[in-house]
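Chemist: need a structure here:
(one chain, ligands or ions: 3)
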Amino acid sequence: MPTEALKLSQATVRYPIRGGVLDKTQDFFTAVDGVSFSLHQGEVLALVGESGCGKSSLAKAILGLAPWSLGDFSFFGKPMNLNSKKDLKKVREKVQLIFQDPYSSLNPRQSILEILMHPLVARSYNKVEALEKIKNTLHLVGLNQDSLNRFPHEFSGGQRQRIAIARALVLSPSILLCDEVTSALDVSVQAQVLQLLDEIRNKTGVALLFISHDMQVVKAISDRVAVMYLGKIMEMGSVDTVLHHPKHPYTKALLESIPGLDPNFPPKILEGETHFNSKHKDSCLFAPRCVYCRSECVSQSIPLQSADGVQFRCLFPLERSL
Ligand SMILES: Nc1ncnc2c1ncn2[C@@H]1O[C@H](COP(=O)(O)OP(=O)(O)OP(=O)(O)O)[C@@H](O)[C@H]1O
Ligand code: SF4
Ligand SMILES: [Mg+2]
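Modeler: Ligands and ions are numbered 1, 2, ... in the order given. You can find the predicted model right below:
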């Protein structure tokens with residue numbers, strides 16, 4: 001069994017809602033609500049779900065960029081307090097975030113050498129060691145050394161994403177948090193970046209938390225998938241099981257909304273809005289949009305349960321169908 005790199009228990013992210021003349025905190029908005037999972041070395045766990053379900057908030061909270069409000073976090077078996085600067089520094093040394101947009105995440109005024117040198121110098125590497133690391137990392141992401149004196153605008157979108165990946169890898173992280181890293185790229189370039197990430201995890205054993213809207217991309221790269229809805233995990237298990245035999249109606253609806261998955265069936269739009277309503281508290285969160293909803297679903301909150309190696313939050317799980 002590979003080593004457990006990261007474990008979250010009941011992770012909760014609450015953003016303050018400010019208002020009034022003094023701009024004081026009036027209330028809190030819960031973006032991530034009691035999420036628990038582990039990520040093992042060399043593993044790719046995908047986080048999927050519609051816009052606003054809390055995927056980025058969860059990734060940011062791991063790095064202290066969003067408020068970690070409740071829950072336990074452990075890193076290679078050691079409990080860490082993500083609200084302590086000392087613990088956060090340790091986590092940030094080994095966990096790196098790669099953003100969706102390689103255009104805006106790279107400083108246009110810095111050469112690639114400066115971009116890659118910066119995190120190493122900040123961690124007290126001497127110039128010789130740093131240059132050696134940079135050259136090895138460039139090789140790992142498939143870029144030539146003559147890239148070093150060039151600037152981000154001289155590269156294509158796919159190459160810029162390679163540079164962003166190199167910047168994340170230069171510190172030899174144990175975990176990469178990939179937030180929609182292929183969304184801004186053409187389909188053919190997407191495939192190259194996915195292949196690159198797969199090669200990197202095979203060579204280095206890095207674990208990936210892979211956030212995406214795109215189920216096709218998720219299928220291509222992930223070992224396991226967690227489906228989020230309104231801040232909670234609705235279903236989690238191996239990619240093959242969850243995406244081919246979903247138990248949760250929300251997972252099924254997400255899959256059915258993908259254009260071109262089955263040429264015999266046009267994509268079905270998932271009707272209704274994802275918005276939090278406090279009336280849903282003692283109800284299944286998906287009930288207002290669920291075609292299988294029964295009276296039992298709206299009179300209680302629904303716990304996660306397990307069967308066939310999958311966790312799901314539904315009283316009437318679907319039989320094997322897709
Ligand atoms: N800084 C913030 N302050 C208040 N609310 C926020 C903040 N950042 C995000 N939110 C809210 O938290 C919820 C989750 O946002 P988040 O960005 O994590 O979603 P997401 O799943 O990453 O969406 P997308 O797929 O569009 O990137 C949303 O309702 C969003 O409006
Ligand atoms: S618990 Fe009921 S409403 Fe919720 S997803 Fe399952 S069938 Fe649908
Ligand atoms: Mg996001």
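Chemist: pLDDT wise, what is G260 at?
Modeler: Here, the pLDDT recorded for G260 equals 64.
Chemist: ditto for the one 3 residues further on
Modeler: At P263 the predicted local confidence, pLDDT, stands at 65.
Chemist: and what of I175?
Modeler: The predicted local confidence for I175 is 97.
Chemist: got it, and Q161?
Modeler: So, for Q161, pLDDT stands at 90.
Chemist: Now stretch 66-86: buried residues?
Modeler: 66-69, 71, 73, 75, 80, 82 (16 or more other Cβ atoms under 10 Å). All C-beta atoms are positioned from the backbone trio N, CA, C, and that covers glycine.
Chemist: Could you single out the nearest of those to ligand 1?
Modeler: A66 (6.7 Å; Cβ to the nearest ligand atom).
Chemist: so that closest one sits in a helix?
Modeler: No. Counting by DSSP: H, G, I helix; E, B strand; the rest coil, one finds A66 to be coil, located in no helix.
Chemist: Leaving out sequence neighbours, find the closest residue to it.
Modeler: Excluding the flanking residues, the one nearest A66 by Cβ to Cβ, 6 or more residues apart in numbering is K60, at 3.8 Å.
Chemist: Just give the number of residues close to the one you found.
Modeler: 19 (other Cβ atoms under 10 Å).
Chemist: What is whichever helix or strand it is part of packed up against?
Modeler: Taking DSSP states H and E as the definition, K60 sits inside helix 55-62. Packed against helix 55-62 by the contact rule (3 or more Cβ pairs under 8 Å, 6 or more residues apart in numbering; DSSP states H and E) you find strand 4-19, strand 24-40, strand 44-48, strand 68-75, strand 95-98, strand 175-179, strand 207-212.
Chemist: Recalculate using a threshold of 6 Å.
Modeler: Judged by 3 or more Cβ pairs under 6 Å, 6 or more residues apart in numbering; DSSP states H and E, helix 55-62 is in contact with strand 24-40, strand 175-179.
Chemist: Just give me how far the strand or helix carrying H139 sits from the chain centre.
Modeler: Assigned by DSSP H and E, H139 belongs to helix 127-140. Taking Cα atoms, centre = their mean, to the nearest Å, the mean C-alpha location of helix 127-140 is offset from the chain mean by 27 Å.
Chemist: How about that helix, which residues are buried there?
Modeler: 130-131, 133-134, 137-138, 140.
Chemist: Quick one: low-confidence residue ranges for the stretch 1-150 of the chain.
Modeler: 102 (pLDDT under 70).
Chemist: Return the nearest residue of it with respect to ligand 2.
Modeler: Counting by Cβ to the nearest ligand atom, the stretch 1-150 of the chain gets nearest ligand 2 through G49, at 13.9 Å.
Chemist: can you give me the mean pLDDT across stretch 235-251?
Modeler: Mean predicted confidence for stretch 235-251 is 96.
Chemist: Show me what counts as buried in it.
Modeler: 235-237, 239, 241-243, 245-251.
Chemist: Fine by me, thanks again.
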